[in-house]
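1. whatever this is, show me its structure:
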Amino acid sequence: MGTIVIPVWVAIIGAVLALWALLDRLLVPSVRWVIRSRANKVLDEVGQRLRLQIRPFQQTSRRTLIDRLVFDEKVQQAATAFAQANQMPREVVHQIVERYAREIVPAFNAYFYFRIGAWLSRRSAACCIACASDTPTRPGWPQCHPARPSCS
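-> Numbers count the residues shown, from 1 in each chain. As a prediction, this is how the structure comes out:
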């Protein structure tokens, strides 16, 4: 048996690609799972407190919703009919359909919406209560202006 000699730069590129594959296939999905589970816990907690339910499609990624809309059977039939009626290539019509789908599907993330919304509401409520009762708020939170009259 003979030996195979490869340059060091080829070995380094191979190691970098192996590391990339390891990250892509093992670590990234587990991090995604952890983030998704935390987001689901927050959404369940908000749903119980506010007595509202966030439907599954609201938790679906925007790209997935756009793809579902673009490749829907009725949308594809309408796109084919439009392409034939206007004598346009199907690829051009597909780009038009995708542009319309991106306009229709909202860019809304319920996790961040409720996290930021809850934080802002707690801060503003604490500030309003402190101003109304002339009692100090938590350290580091905004204080009531001394010249401002109370809300009583």
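
2. where does pLDDT dip in this structure?
-> Filtered on pLDDT under 70, the chain yields the residue ranges 51-60, 108-112, 114, 130-152.

3. quick one, helices of it?
-> Under the criterion DSSP state H, helices of the chain are mapped to 8-22, 28-50, 56-59, 62-70, 73-86, 90-104, 110-133.

4. would you list those helices in JSON lines and tack on mean neighbour count and distance to residue 1?
-> (Each C-beta comes from the backbone N, C-alpha and C, glycine too.) Shown next, in JSON lines, are the helices of the chain (neighbours: other CB atoms under 10 Å; distance: least, CB to CB, whole Å):
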{"stretch": "helix 8-22", "mean neighbour count": "10", "distance to residue 1": "20"}
{"stretch": "helix 28-50", "mean neighbour count": "12", "distance to residue 1": "39"}
{"stretch": "helix 56-59", "mean neighbour count": "11", "distance to residue 1": "56"}
{"stretch": "helix 62-70", "mean neighbour count": "14", "distance to residue 1": "50"}
{"stretch": "helix 73-86", "mean neighbour count": "12", "distance to residue 1": "57"}
{"stretch": "helix 90-104", "mean neighbour count": "14", "distance to residue 1": "52"}
{"stretch": "helix 110-133", "mean neighbour count": "13", "distance to residue 1": "57"}
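
5. a markdown table please, covering those and showing distance to residue 2.
-> Shown next, in a markdown table, are the helices of the chain (distance: least, CB to CB, whole Å):
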| stretch | distance to residue 2 |
| --- | --- |
| helix 8-22 | 18 |
| helix 28-50 | 39 |
| helix 56-59 | 57 |
| helix 62-70 | 50 |
| helix 73-86 | 56 |
| helix 90-104 | 51 |
| helix 110-133 | 57 |
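
6. so residue 88 touches residue 82, yeah?
-> Yes. Here residue 88 reaches residue 82: they are 7.4 Å apart, a contact under CB atoms under 8 Å.

7. so the nearest residue to residue 90 once chain neighbours are set aside versus residue 74, what's the distance?
-> Nearest residue to residue 90, sequence neighbours excluded (CB to CB, 6 or more residues apart in numbering): residue 83, at 5.1 Å. Computed as CB to CB, to the nearest Å, the residue 83 to residue 74 distance reads 15 Å.
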